Structures are given as C-alpha cells and as structure tokens.
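Chemist: Fold the following, please.
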Amino acid sequence: MSSPAKSIIVGTAGHIDHGKSSLVEALTGTHPDRLEEEKRRGITIDLGFAFLEESGIRFGFVDVPGHERFVGNMLAGAAGIDIVMLVIAADESIKPQTREHFDICRLLGIQHGLVALTKTDLVDRETLDLVRLELEDFLRGSFLEKAPIVPVSAKTGAGLVELKQSLVQQARQVAGKDPRRDFRLPIDRSFSVKGFGTVITGTLISGQVSTGAEVELFPGGEKLRVRGVQTGGNRVDRAEAGQRTALNLAGIDHHSVQRGMTLAALSRFRAARRVDVKLRLLPGVRKLKNRALIHFHAGSFETMGEVTLFERAELSAGEESFAQLRLRQSVLVLPGDPFIIRQSSPLVTIGGGTLLDPLPRRPRAHEVSRHDYLRAVERNDKPEILALLTQRALFGLPQSEIPARTGWTDTEIHDTVRNIAAAKRVRFIPAEPPILFSSASFDELSKNISERVERFHKENPLQPGVPREELRVNLARRLRPEIFRAALDELATNKKIELQGELVKRAGSQISLLPDELKAKDQIEAAFASSGLAVPTVKEVLAGLSIDFRRSEKLVQLLLREKALHRVTPELIFHRDALAELRNKLASYKKAKGERISVPVFKDLTGITRKYAIPLLEYLDRERVTRRQGDERVIL
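Modeler: The predicted structure follows:
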C-alpha cells in the first residue's frame, strides 16, 4: 500500500473532561481510550491513538490525558507533534490544565495549531461569544494568536466539517519532518502480539525504517532487527518521518523495552547522562536555584535530574540561561531537541528549552569555549560548530563521532569538513575512521616536534636522531598516533626534519666529533679489534680513555650503530672483523670435518674459554649460522 503524500501528527491538549477523546472519536470514528480503567472511569489516563485521512493528508491523532496527575503521560505523547489541537469546553472555558498544556506546547516549539471550542451544544450564543473573547486574550502573543477557533460539538456533529477543513489548512503549512536524516523513534508503547512477539509504537521523528533493517535500542545499545512495519494500522514496507509507526522487533522480549527508550540508526549515536541546554523558565514560576532537582522530559523519556546553571546562582521567572542537566538515567538526544522541566514539589511545569550539546564535558568555571560552542549551536552555524568541536577535542576528533554530537547527515558532515578544511581551520587526517584536528593545534605540535628534535641533537651530539616512539611519548602521549605521523610526514616534506627508519633527525644533521672524541672512538674500536674473540669488558676499555665516561659510552653506541661493533650479550661486544673470521672458520670446519660441532671442539677451534664460547654459540644460533641439536651444533 502506497503512503499518502503527507503525514501529520496532531496532538490534543487541554483540561480533563473538556472532550478531547470524544472529539477525536467524532473526527476519526475511533475512540482513543484503550485501557479498561479509562473506559470504566470515563477519563483518559494514558496516550491514545487514532487516524484520519482527509484531502490526501494522513492525520495521526495522539490523544493525551488532561488530568494533572497524568501530565507525564501527556508529555510522552508530545514528541513529534506537528499540530496542536487545543481543546477547550465552552461551558468551562480556560482551566488549570489548559494553561499547563499550552505552556508545554510553547516550550516544545510547536508552531502550528488550532482551537476546538467543544460542548457548544451546552451553552447559548452569548456565553460562546464571551468564551471566544477570553480565548483571544489568552492566546495573544503566542503561536496560536491568529489560529482558527472552531466551535464544535462531538455530540451533535456541529462544526466537525469546519474542524477538518481547518486541520487540512494547518497541515498544508507544516513543512514536515525530513526522511533523509538518520532514523530516530522515541518509544511510547511496548507490548506483545501473539504470533509476532514484541511490538513497539511511537512517532517517527526523523529518517525512515524498513522491514529487515538493523536498528539500535537506546540507552543500552542493543542491536535489533525489524521484522515488520505498520503505519496507521496498515502493514507497509517502510515508514517515514512524521508517521505514527509500529515496529515488530526480533531478538528482544517486550518487557525489556520501555516507554522512554529510543530506536535509532545503527552505530550513529550515543546515550549520555549529561546534556548542555538553553533553559527558559515560564513567567510566574518560582526561582530556580543552582543544583535544584527537577523532572526532565524529552521525547517519550522522563527522569529526575539536577540543574547546573552556568555562571549564575539562580534563574528567575521568564529568564533563560545556558545550563547543564545531570540526569539519573541515560538518554539519546540530539542538538535542537526540545525538552520540558517540571518542579519536583509541587509537580508543575516550570520551563524547558532546547538541547545543544548531547555529550558535554563536566562544567568548568569561566569556560569561554563552552559558551562560544553553545552559541554556535543555537545559530546552527555548522562551520563554526565543527571548528569549535574539533578545537575542543584536544587529541583529535574521529569523523565517526560527529553524528552523535550534531545529528548531521553524512552529506552535511562532508560539506562542512570540506568548508573548514579549505579555510585552514582544521586538518583532515587520513585514518580509519578519518580524524579532524585543529589547525592551530597541528601547527603547535609541528613546532614542538621541531624544537624537541633540535634540543635532542644539542644534548646528544653523538646520537643520529631521536626514536619516533620516544618523541611521541614525551610530546603527546595521549595524541592519536595518526596525527603524530601526519605532523612528522609534513615536517619531512618541508625539509624541516629527516626520517630514517624509526629515527627522527634534524634535516641535514650529521654527527660531528671533537678531536678528542675522534681519537677515543678509534681507541675503542682498536681495543675490540685487537682482542679477537677474547674481548675485554666495555668498562675495561672505557677506563683507559682520556674523555669522560658519559661521552665514551655514546661513542660505543655510535660504533654499534655503524656496525663496527656488535653486541652479543649485554656484557660482551665483539668487533665485526672477529665475527667475520669466526664465520669463515666454521665454514672451513664444515668442509673439512662435517656439519656437526661440539662445545669442546668449538673452544679448541677458536682458542677461547667457555665464558666466550657459549654466548658466541647462542649468538650464532640467533643469526642462523648454527642450530643447536642436543649438546652439539649443526653448522648451516
């Protein structure tokens, strides 16, 4: 079955017993109350749903409870509402939950709606006109200031045609949600259907989902498969943003899925218990003090939380501020998502606002960069957002983390990266996944590498260069290796340094020995060369030199690097000529007497004691000149 051209979610709002459910039934033919208790008591307790197709538009109605005790349930259904239908009974006019529901709609940023003036069959014309005047005053300055006010009676049917026409007119003004964005579905119901298993429902707030899709359940991150999709009670291959959606899920029991969880695209997002927000208090409420406990609502999610106001001790009615909310449970939210806060005692709505940073750091005193970043998110200035996000990621920002922090599509990420890279604000580091790094930080890293290499040569004139890993650990232990390599490669390309294997050296640098060092170097090599295989210890050789021990040790290292000397054990060093002669002797022995040689015969052949023979044989084994076999060696 093909999807209608446009899907619109209509949410009811208003005081208890003002006729919301009856009106939805009159419009759609479906009574939204589904619980036995709701039918018995005649009040809406939980969310109800119904559907209407009118003038090519598919309306999904979310009927919310009007009683003050069930505002939490009302908020769970407010996610994804395109149009609010504010229901006010003509015989009672504006009541407390009318005001709270309307405040919630404004805080959620809903832009479209109308007023259904119900129970008109119970009042005379004069009363109806008086209520209309009260409504116009109540709505003045709000998004419903110029909205239609439609008198209607669910009992007689009067005004239903006009109400449907007004809904269609409002729906045509709604831009609709974007199916090209990543899939997100806040869950408001979970139940089991015999023969199918777990089914969840919710309003699809972004993206699309198809039968067979792999999805992720937050906050836990479980990977699940979609077995079936329904919208408006009809089985479909795919649901798109803006539709009331039911999904049959494989791989999980319905008791493990609760209202407040979110299904989302695989491997794109992360849940968190801290969020940075722009918070606004309603007029007429009590002051909100720093560290105050609040009830937090976002989408279908609800939990307790603590407010940390930025650089202020309290927030007065009607004021707004950046703040961080520390939540008792993790939630998946993205920048731009609306939220509501309610006072813990008495339990009333006091404010709300917009999510700005879903994965923030802990608050720090006088942190200018945080304010700059949050202001850029408010403006939706993508180049500035990504530049600042990269700047704040001190050890590099993997491109794979950008969706969870911004909610952007891959196309938006690609275009923004290209923009700020062209402006030389970030460096794009090829890796898997690619990494973004602040250009200023990259330049600072390159400068530090050059200075460190220069200092190393001054402090170690007899060393050809500093080992790469030693340089990285000393300069930037926590930096991603790919960034460090990119800085080295650029410095080498620009002839600032040279890379020789694992060594990093100043470009054009050569070891320059002083006259006394040249003499000492020759003396060290001569001492080992003249000793054959019965070599002295290093300490014995260095003790006879005229230069200090520290410099003479570095001369030994230089000879080892030049391969004039070879270290066989930590204590024993041999000259290359002596080892070459030893190889020749073994080759001649193999020709004359065979490939097997014992330790005593090896000692006689070389004229050395066991002190030297065993280490040399083990060295020859490592070099694959010989192979041990029992108590003998086989000459290879």
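Chemist: Nearest residue to Glu571 in space, please, no chain neighbours.
Modeler: Once flanking residues are discounted, Glu571 sits nearest to Thr537: 6.3 Å by Cβ to Cβ, 6 or more residues apart in numbering. In short, each C-beta sits where N, CA and C put it, glycine included.
Chemist: Sorry, slip of the keys, the one I care about is Arg405.
Modeler: Leu359 (5.5 Å).
Chemist: That neighbour should be in a helix, yeah?
Modeler: No - counting by DSSP: H, G, I helix; E, B strand; the rest coil, Leu359 falls outside a helix, being coil.
Chemist: Assign the residue positioned nearest the centre of the chain to helix, strand or coil.
Modeler: The centre of the chain sits closest to Ala404, judged by Cα atoms, centre = their mean, with a distance of 3.8 Å. With three-state DSSP as the basis, Ala404 sits in helix.
Chemist: Quick check: it touching Asp357?
Modeler: No - here Ala404 does not reach Asp357: they are 11.0 Å apart, not a contact under Cβ atoms under 8 Å.
Chemist: any shared contact partners between these two?
Modeler: Shared contacts of Ala404 and Asp357 (Cβ atoms under 8 Å, 6 or more residues apart in numbering): none.
Chemist: Can you name the next helix or strand after the helix ranked longest in the chain?
Modeler: Secondary structure of the chain read by DSSP state H shows that its longest helix is helix 439-459. Following helix 439-459 in sequence order, the next helix or strand is strand 466-467 (DSSP states H and E).
Chemist: And that next one, what does it pack against?
Modeler: Packed against strand 466-467 by the contact rule (3 or more Cβ pairs under 8 Å, 6 or more residues apart in numbering; DSSP states H and E) you find helix 439-459, strand 503-506.
Chemist: rank these by pLDDT, which is bottom?
Modeler: Least confident of those, judged by mean pLDDT, is strand 503-506 with a mean of 85.
Chemist: partners of that strand in the sheet?
Modeler: Using DSSP bridges, strand 503-506 pairs in its sheet with strand 466-467 (antiparallel), strand 497-500 (antiparallel).
Chemist: any residues touching that strand, and which ones?
Modeler: Here strand 503-506 makes contact (Cβ under 8 Å, 6+ apart) with 449, 453-454, 457, 464-468, 471, 488, 497-499.
Chemist: Please pick the buried ones from those residues.
Modeler: Among these, those classed as buried by 16 or more other Cβ atoms under 10 Å are 449, 453, 457, 464-466, 468, 471, 488, 497-498.
Chemist: Let me know the closest of those residues to Gln208.
Modeler: Leu488 (44.6 Å; Cβ to Cβ).
Chemist: and that closest one, which of the three is it?
Modeler: helix.
Chemist: ok, it touching Ser450?
Modeler: No - the criterion here is Cβ under 8 Å, and Leu488 misses it with Ser450 at 10.5 Å.
Chemist: overlap in contacts of those two?
Modeler: Common neighbours of Leu488 and Ser450 (Cβ under 8 Å, 6+ apart) are Ile497.
Chemist: Buried residues, stretch 558-578. List them.
Modeler: For stretch 558-578, the neighbour count (16+ other Cβ under 10 Å) marks 558-559, 564-566, 568, 572-576, 578 as buried.
Chemist: Likewise for stretch 526-536?
Modeler: By neighbour count on 16+ other Cβ under 10 Å, the buried set for stretch 526-536 is 527-529, 532-533, 535-536.
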